[in-house]
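Q: build me a model from this:
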Amino acid sequence: MSIFSRFTDIINSNINALLDKAEDPEKMVRLIIQEMEDTLVEVRSASAKTIATKKDIQMQIDKLQFQANDWSAKAELAITKEREDLARAALQERSKCNDTAAVLTNELDNIDTQLSKLQLETGQLQEKLADAKARQKTILLRQSTATSRLDVKKTLDSSKVEDAMGRFEQYERKINDIEAQVESYDLGKKSLNDEFAELQADDKVEDELAALKAQLAKKAKTAE
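A: From the prediction side, this is the model:
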């Protein structure tokens, strides 16, 4: 495939369509970018050669025009010297110069047309290259995120997680049993704080009982 054929294919390609068909979007983006960059280098090199050729052709045209003018002057000189044979020969040479210059001018016009198209297409390729590079970061991020999510999904759907949670529940039940055993040993036993609390409760009851008796006695005395 020639450089210009490949260049046109890239210009006309749809990056989204290429990515949709790709098994590995990240790899596909790298290949697209590499292909575009390589093509740009080759196109710029070809453009430089074409511009150099254009300059060379222009120099030839200028030289032919100078020669044509020179032959015109010689033809005039020959006429003034009554040498029609030389004038005729000079005019023939001028005609050759003009014909060759016309061919080269036509070739130069074709080169200008091709260079204009190439410049336009190079701009389009640069835009696509910039677009591909901008999407590359997004695609890499999306792929990384999707891969992480997939790993999480696989882990959650794995029986290993259920087994681990089952073991946690077993450990919790064992701890509950141990705590229950500890609490059973403490049943019926009074701590020092418990005994002082009972004493304080007894004092309170006795105070309330004495107050009640005093109240009743007061009522009885009032009734008498």
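Q: run through the neighbouring helices and strands of the one helix or strand Ala46 maps to.
A: According to DSSP states H and E, Ala46 maps onto helix 25-80. Applying 3 or more Cβ pairs under 8 Å, 6 or more residues apart in numbering; DSSP states H and E, we find helix 25-80 packed against helix 3-12, helix 15-21, helix 84-157. All C-beta spots, glycine's among them, are computed from the backbone N, C-alpha and C.
Q: run the angle between that helix and helix 84-157 for me.
A: Interaxial angle of helix 25-80 relative to helix 84-157 (axes from the mean of the first three to the mean of the last three Cα atoms, to 10 degrees): 170 degrees.
Q: what about helix 25-80, average pLDDT?
A: Averaged across helix 25-80, pLDDT comes to 88.
Q: do stretch 99-113 as well
A: Stretch 99-113 carries an average pLDDT of 93.
Q: domains in this structure, as residue ranges please.
A: 3-157, 163-223 (automatic domain parsing).
Q: can I get these in a markdown table including mean neighbour count?
A: Below are the domains of the chain laid out as a markdown table (neighbours: other Cβ atoms under 10 Å):
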| stretch | mean neighbour count |
| --- | --- |
| domain 3-157 | 14 |
| domain 163-223 | 9 |
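Q: rewinding a little: distance to Ala48 added to the helices and strands packed on helix 25-80, as CSV?
A: Formatted as CSV, the helices and strands packed on helix 25-80 follow (distance: least, Cβ to Cβ, whole Å):
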stretch, distance to Ala48
helix 3-12, 13
helix 15-21, 28
helix 84-157, 11
